[in-house]
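Asks: pasting a predicted model and its sequence here:
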Amino acid sequence: MPAPMPAVPISEIVAFVGGRYAGPPGRSVDGVAPLADAGATQLSFLSNPKYAAQLTSTRAAAILVSSDVQDDDERFIRVANPYFAMASVVARYFDRRPMPQGISPLASIDATATIGDGVAVGPFSTIGAGVTLGDGVVIFQNVSIESGSTIGEGTIVYPQVSIYDRSVVGKRCIIHSGVVIGADGYGFATQGGRHHKIPQIGIVRIGDDVEIGAGSTIDRAALGETIIGDGTKIDDLVMIAHNVKVGRHCLLVAQVGIAGSTELGDSVVVAGQSGFAGHLKIGNGVQVAAKSAVLNDVPDGTKVMGIPAVPFREFARREAMLRRLVRRKRDSQTGTTPSDE
Amino acid sequence: MPAPMPAVPISEIVAFVGGRYAGPPGRSVDGVAPLADAGATQLSFLSNPKYAAQLTSTRAAAILVSSDVQDDDERFIRVANPYFAMASVVARYFDRRPMPQGISPLASIDATATIGDGVAVGPFSTIGAGVTLGDGVVIFQNVSIESGSTIGEGTIVYPQVSIYDRSVVGKRCIIHSGVVIGADGYGFATQGGRHHKIPQIGIVRIGDDVEIGAGSTIDRAALGETIIGDGTKIDDLVMIAHNVKVGRHCLLVAQVGIAGSTELGDSVVVAGQSGFAGHLKIGNGVQVAAKSAVLNDVPDGTKVMGIPAVPFREFARREAMLRRLVRRKRDSQTGTTPSDE
Amino acid sequence: MPAPMPAVPISEIVAFVGGRYAGPPGRSVDGVAPLADAGATQLSFLSNPKYAAQLTSTRAAAILVSSDVQDDDERFIRVANPYFAMASVVARYFDRRPMPQGISPLASIDATATIGDGVAVGPFSTIGAGVTLGDGVVIFQNVSIESGSTIGEGTIVYPQVSIYDRSVVGKRCIIHSGVVIGADGYGFATQGGRHHKIPQIGIVRIGDDVEIGAGSTIDRAALGETIIGDGTKIDDLVMIAHNVKVGRHCLLVAQVGIAGSTELGDSVVVAGQSGFAGHLKIGNGVQVAAKSAVLNDVPDGTKVMGIPAVPFREFARREAMLRRLVRRKRDSQTGTTPSDE
């Protein structure tokens, strides 16, 4: 069982986040919790204004809030970005996940694999021929990494992950359980009503600082590379097809699907359950609302939504028109004079 | 190979389900099958009226039917709920799935784990430090349970499941292959165009009698707990984000996604491929039609559908209006006089 | 690390694919790449006309093109179906994925399993009682195959796959990582507000030449069989519920879901993220556009789309009507005279 968290002086936290605090000196906190749940020795935070009413009822010992919060409370630690400050504090003081240590004698590691300094490999994990694990890599139990793959320094691979041959994973990545990297893309040549497999001989290349959520699948390229750019964060059960290229610092929320050869620019944000047709070019900074179907190229900086996805303004216009028509019909049936908005 | 099923006297089944039966005494059945497939020594049932025509053609030896079925057949066993009766009979007489027995010498079990009576753990499963497995727990092969987790009495965990540290799973749960419990929620603080990870230090808490279908993912809370209530049944490839709270006796059908911090009441039914935005309150008894996108709070007992989801009646009104407009346009093009419904 | 690919004379490739080639004799290629990436010793191909402009800029040594391409280039190898030809060439000369060889001493294989000639089983894989592995079957590492299952000749099962008891998988199938075959279908009898499990005692039966993409789940039947027909190809994260029957030579693209007991005919094509309600009959040759919701039976040869799905023509009519209404409204607001198209 994990040991109890240590007490950290609030003054140390204030200095660490560069905040303003006018509360009593000498107090400490021993954990972090949401406003509603925090106990009298815990730190909390307000980021989403939806929860502002909880500021008065929370029992938290100290609260990270935005510099521009109007109310006053001696427990406030005022910072520019309370969500980011909270994340930093947790990472620095309260994030103590148990990790495997060293190379388990129950792992199967090919003699030709290259293992960096400080690497951990858990029981029942399989490291294939010619695999390279960079310094500080952590491979949990029950992981499969096939031959010729490279895992960059400091990357963490959780249990039940499958990484096919010749995949390249960058530094400081986090790969959650159930992720599959490098399975065959879905490519068939149909001849006489039969679907003949196109061998998928390309690879997957994942940049640095990428996180991939549980159960997501990133297929290898037919030829060439499927690419995920540096700093991109992928949620659970996302499907990325062969030869897709995702730019840097993108966010792909749960259950998104991207069909083959589509390219996303940098800093693209895709909300949950949306999908992209294949062979599209999606510009930098594009935002896609939840459950949309993107069927055409999208220029830089555009926000789209709908099935098929259209710019926000166009979507809003159609919605307003439909609401008006429904209301007019209903009013005409009830004898009210319809008013045209 | 499993041994053949034993023959069970129909009279015993009639007594067990509390049914009415006027057929010849002394007959037995040795299995259960759908009406269309049942052989002359098998039991069948009619639940969905869509299949009523098969009552005459089926070869089944006996048929569980609703008390109010009009037809008469000496093979009928009349009961209040034939589907429930069939389930009970199968569970009592014909459900003989092979299960691992005892602790495999090929499992890796930490010395500090607490193992209840009658526990089974299959080969290549990893049980971490401080894990508690309650009495009668069955862990199949190739399962990973990380440190500090608790699995309640009688729970079954199928192969290739990953349960992260400190997760709590209740009694009599069934966790299917590929499920991931307790992976990190999708939380990032964006600062200067970079997405900084919010450490996810909360846990997942799953109640009693919960079933989770293959490949579903339930993320741990950022802080606090992600909660699945007692008796809730989750289908395959469902995604439940951090800090979500699902009430008791809910049904979440395949490929549903629930974004962070949304709360579902008790007895909520969500049809397949629907999604919920984050931070919503969904009342008790709410029903969501398939492929809907729920973007707002929903009061108790409401049925919603659509993208975005609206009450059934509102959805129906819009659909009727659209159908009318399309027809009117078509009629005007063909010279027919449009009739206003 | 894989050895470098051997050089193959272009003349040999021309003969193998039955193409026409008028380029200089004596040249060889040592790999295959897309037009944009191909180096001076690689073969490429043009299938999607979208990329025709790359024909002039590519550095490829030889290019598989359609017989009816107008341009002329001494590097062209003209064939009837360049995509199929490329696939054949890759499969014949350049597809050298490393595979496990022989039975690993680290696998757990029940003494009652039947193992064909030339079978490979990787480390930490579990083969249960009474399992049959046909000749040439390849089971990668970290795979679970439960008792009584049968895997046909030449089938490949990648890491982290779970196949439940009594499943039947045909010949020459490819099962990718994370796939779950035979988990319980989602069947409950609700009585007094509680959901009582219907034991799922049927099986899954998969035909020959089926490929199943990463993370897909195919549930066992409640009673009887869930069936996937010969030659059907399933993409990643697809969900197939209990008692579904999928015909032969179907294509199910990523994240599709099919609810219980629905039957698809032969040669059905379902684009990504679409779903089917339960108990439907979908005819032969039906095509379903992406992100559709099929809620009714569909006759042979019909193309449907939308939520709910309707025939293409009906969908197009509604879309045109909506665009017209939005435009008319906008025009009336800006003072333009609306024109009725």
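Replies: Received, thanks. Everything quoted here is computed from the prediction, not taken from an experiment.
Asks: A:Ala52 and A:Leu35 touch, don't they?
Replies: No - with contact defined as Cβ atoms under 8 Å, A:Ala52 does not reach A:Leu35; the gap is 9.2 Å. C-beta here means a position set from N, CA and C on the backbone, and glycine is covered the same way.
Asks: now do the shared contacts for these two.
Replies: The contact sets of A:Ala52 and A:Leu35 overlap at A:Leu46 (Cβ atoms under 8 Å, 6 or more residues apart in numbering or on different chains).
Asks: those two: which is more packed in?
Replies: A:Leu35 (20 against 14; other Cβ atoms under 10 Å in any protein chain shown).
Asks: SS state for the more buried one?
Replies: At A:Leu35, secondary structure determined by DSSP: H, G, I helix; E, B strand; the rest coil is coil.
Asks: hmm, it is touching A:Tyr51, no?
Replies: Yes - assessed by Cβ under 8 Å, A:Leu35 is found in contact with A:Tyr51 at 5.8 Å.
Asks: where does the prediction get shaky in chain A?
Replies: For chain A, residues meeting the criterion pLDDT under 70 lie at A:1-5, A:330, A:333-341.
Asks: for the stretch 1-150 of chain A, what lies in contact range of chain C?
Replies: Neighbours of chain C within the stretch 1-150 of chain A, by Cβ under 8 Å from any Cβ of the partner chain: A:108, A:112, A:124, A:126, A:128-130, A:142-144, A:146-148.
Asks: restricted to helices, list the residues you listed.
Replies: Using DSSP state H, the subset of the residues of the stretch 1-150 of chain A next to chain C located in helices is empty.
Asks: narrow the residues you listed to those that are buried.
Replies: Taking 16 or more other Cβ atoms under 10 Å in any protein chain shown as the criterion, what is buried in the residues of the stretch 1-150 of chain A next to chain C is A:108, A:124, A:126, A:128, A:130, A:142-144, A:146-148.
Asks: which single residue in the stretch 201-341 of chain A comes nearest to chain C?
Replies: Across the stretch 201-341 of chain A, the shortest distance to chain C (Cβ to the nearest Cβ) belongs to A:Thr217, at 4.0 Å.
Asks: and stretch A:247-261, anywhere near chain C?
Replies: Yes - part of stretch A:247-261 sits near chain C under the criterion Cβ under 8 Å from any Cβ, namely A:255, A:257, A:259.
Asks: surely the first one is within a strand?
Replies: The one in question is A:Gln255. No - judged by three-state DSSP, A:Gln255 forms no part of a strand; its state is coil.
Asks: element containing A:Leu322, please.
Replies: Using DSSP states H and E, A:Leu322 maps to helix A:312-334.
Asks: and the contacts of stretch A:84-91?
Replies: With contacts defined as Cβ under 8 Å, 6+ apart, stretch A:84-91 is touched by A:13, A:16-17, A:19, A:32, A:43, A:45, A:47, A:64, A:77, A:79, B:187, B:189, B:191, B:196-199, B:201.
Asks: now for the residue of the stretch 201-341 of chain A closest to chain C: which residues touch it?
Replies: For A:Thr217, the contact set (Cβ under 8 Å, 6+ apart) comprises A:179-180, A:183, A:238-240, C:178, C:213-215, C:236-237.
Asks: change it to 6 Å
Replies: The contact partners of A:Thr217, taken as Cβ atoms under 6 Å, 6 or more residues apart in numbering or on different chains, are A:180, A:239, C:214-215, C:236.
Asks: by proximity to chain C, which residue of the stretch 1-150 of chain A wins?
Replies: The stretch 1-150 of chain A approaches chain C most closely through A:Ser144 (3.7 Å), counting by Cβ to the nearest Cβ.
Asks: next, count neighbours for the residue nearest to that residue when sequence neighbours are not counted.
Replies: Once flanking residues are discounted, A:Ser144 sits nearest to C:Pro159: 3.7 Å by Cβ to Cβ, 6 or more residues apart in numbering or on different chains. For C:Pro159, the count of nearby residues is 31 (other Cβ under 10 Å).
Asks: and which of the contacts of A:Thr217 is nearest A:Ser332?
Replies: Looking at those and their distance to A:Ser332, the nearest is A:Met239, at 46.3 Å (Cβ to Cβ).
Asks: for the closest residue to A:Val310 other than its chain neighbours, which three-state class applies?
Replies: Distances taken as Cβ to Cβ, 6+ apart place A:Val304 nearest to A:Val310, at 6.2 Å, with adjacent residues excluded. Counting by three-state DSSP, the backbone at A:Val304 sits in strand.
Asks: who touches A:Val304 in this structure?
Replies: A:Val304 is in contact with A:288, A:298, A:311, counting by Cβ under 6 Å, 6+ apart.
Asks: in the sheet, who's paired with the closest residue to the first one other than its chain neighbours?
Replies: To tie it back to what came earlier, the one meant is A:Val288. Leaving aside its chain neighbours, A:Val288 sits nearest to A:Val270 (4.5 Å; criterion: Cβ to Cβ, 6+ apart). Counting by DSSP bridges, A:Val270 forms beta bridges with A:Leu252, A:Val288.
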